[in-house]
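**Student:** What shape does this take:
(4 chains)
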Protein chains: 2
Amino acid sequence: MSRPLPEFDLDRYLPYRFAVIATRLSTELAAQYREKYGISIAEWRVLVNLAYSDSTSVRDIEKRVSMEKSKVSRAVSRLEDAGYLTKAIDDNDRRLLQLELTESGTGLVRDLIPLAQAYQDELEAKLHAKVPGLQAALDELMKDTDI
Amino acid sequence: MSRPLPEFDLDRYLPYRFAVIATRLSTELAAQYREKYGISIAEWRVLVNLAYSDSTSVRDIEKRVSMEKSKVSRAVSRLEDAGYLTKAIDDNDRRLLQLELTESGTGLVRDLIPLAQAYQDELEAKLHAKVPGLQAALDELMKDTDI
DNA sequence: CATTTTTCGTTGCGAATGCAACGATGTCAA
DNA sequence: TTGACATCGTTGCATTCGCAACGAAAAATG
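**Tutor:** Residues are numbered from 1 along each chain as shown, chains lettered A, B, ... in the order given. Alright, predicted model coming up:
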């Protein structure tokens, strides 16, 4: 007969839980963005990072979002083609790109944010008092890039 | 001049945070699994679900893990080819599959679990007292399939 | 300086992904 | 019973993905 399996509580296993929840949250949102504005999640992240952080290069975004640089690069190219941002070479370091939202891109972000905020509000309402504890835990998990 | 952007705190935005953390956790783990045992995350999930839950059909796993059924189906096929599980037709409902780990599959799970548990322990150590609050929040987010 | 090493962004490529469509089976109602 | 409808798992297909390799540029080394 085979030996018994080790004890293991799949329902508390954090990598698994995070993956499942992240997929659910993102899929829901992605549907809204794609349907209404024709952009993907990767593109959404690039737009919002340009609008709400100091990230200006592909590398800045890559680091900040833990997104593969090829994924960032392709998202940026699509957004450029759509006229939502411009690429320029950084004069101080000619390897870097300086990404900048266009008027059109800024306008798009203005439209996207209320959708995002509404979803956030919905989640926080559902979580009630659990929000601070959750955010504190997420802070901790984000702390080291290399867990 | 363009109107200002709405207020928005990207660093607290839950779908975004979950996606980033989930990617980090999974990527780290996936490297270990692939390197040591040649299996993907999708395959890992199928194996562990068969070992530690009552899921026996593709659909059970699909529901439990929020994984596309085609993804489950392909993971199952690869695992079958590798000899880790068997497919049988459910006699009560001939549309369903009854998936079952082989000896070899059970052995593999026995090897995988300590790795997974070590990672969980590491995360919990890092989170200290924040674990219960986090798990409670995750419970809440998992509650409704359709958030 | 010259040379080696590192960094940035892009691209090629094979693998994985999600979606829709499909055949087979089961369910339900007329 | 029969026909319409729903469900399960697979597969085809276009898209996306991650990784490695690359050229260009900068930094480090000597």
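
**Student:** from here on, contacts and neighbour counts on C-alpha atoms
**Tutor:** Fine.

**Student:** Whichever strand or helix holds residue A:31 packs against which elements?
**Tutor:** In this structure, residue A:31 sits in helix A:14-37 according to DSSP states H and E. With contacts defined as 3 or more Cα pairs under 8 Å, 6 or more residues apart in numbering or on different chains; DSSP states H and E, the packing partners of helix A:14-37 are helix A:41-52, helix B:14-37, helix B:130-143.

**Student:** That helix close to DNA strand D?
**Tutor:** No - using Cα under 7 Å from any atom of the strand, helix A:14-37 stays clear of DNA strand D, with a minimum separation of 9.9 Å.

**Student:** Give me the residue ranges of chain A where confidence is low.
**Tutor:** Scanning chain A with the threshold set as pLDDT under 70 gives A:1-3, A:144-147.

**Student:** ok now do the residue most central in space within it, which residues does it touch?
**Tutor:** Nearest to the geometric centre of chain A sits residue A:45, at 4.5 Å (Cα atoms, centre = their mean). Residue A:45 makes contact with residue A:65 under the criterion Cα atoms under 8 Å, 6 or more residues apart in numbering or on different chains.

**Student:** swap the cut-off to 10 Å and go again
**Tutor:** Going by Cα atoms under 10 Å, 6 or more residues apart in numbering or on different chains, residue A:45 touches A:51, A:61, A:65, A:67, A:72, A:75, B:10, B:16.

**Student:** May I ask you to confirm that residue A:137 is in contact with residue B:128?
**Tutor:** Yes - shown here, residue A:137 and residue B:128 form a contact pair, counting by Cα atoms under 10 Å, at 9.3 Å.

**Student:** who has more neighbours, those two?
**Tutor:** residue A:137 (22 against 11; other Cα atoms under 10 Å in any protein chain shown).

**Student:** which element is residue A:88 on?
**Tutor:** strand A:85-89.

**Student:** and that strand, anywhere near DNA strand C?
**Tutor:** No - using Cα under 7 Å from any atom of the strand, strand A:85-89 never reaches DNA strand C; the gap is at least 7.6 Å.

**Student:** quick one: that strand near DNA strand D?
**Tutor:** No - on the criterion Cα under 7 Å from any atom of the strand, strand A:85-89 is out of touch with DNA strand D, staying 9.1 Å away.

**Student:** from the middle of its chain, how far away would that strand be?
**Tutor:** The chain centroid and the centroid of strand A:85-89 are separated by 21 Å, computed with Cα atoms, centre = their mean, to the nearest Å.

**Student:** which other helices and strands contact that strand?
**Tutor:** helix A:41-52, helix A:69-81, strand A:97-101, helix A:103-127 (3 or more Cα pairs under 10 Å, 6 or more residues apart in numbering or on different chains; DSSP states H and E).

**Student:** For it, could you pull out the residues that count as buried?
**Tutor:** Buried residues in strand A:85-89, counted by 16 or more other Cα atoms under 10 Å in any protein chain shown: A:85, A:86, A:87.

**Student:** With adjacent residues omitted, what lies nearest to residue A:79?
**Tutor:** Distances taken as Cα to Cα, 6 or more residues apart in numbering or on different chains place residue A:85 nearest to residue A:79, at 6.1 Å, with adjacent residues excluded.
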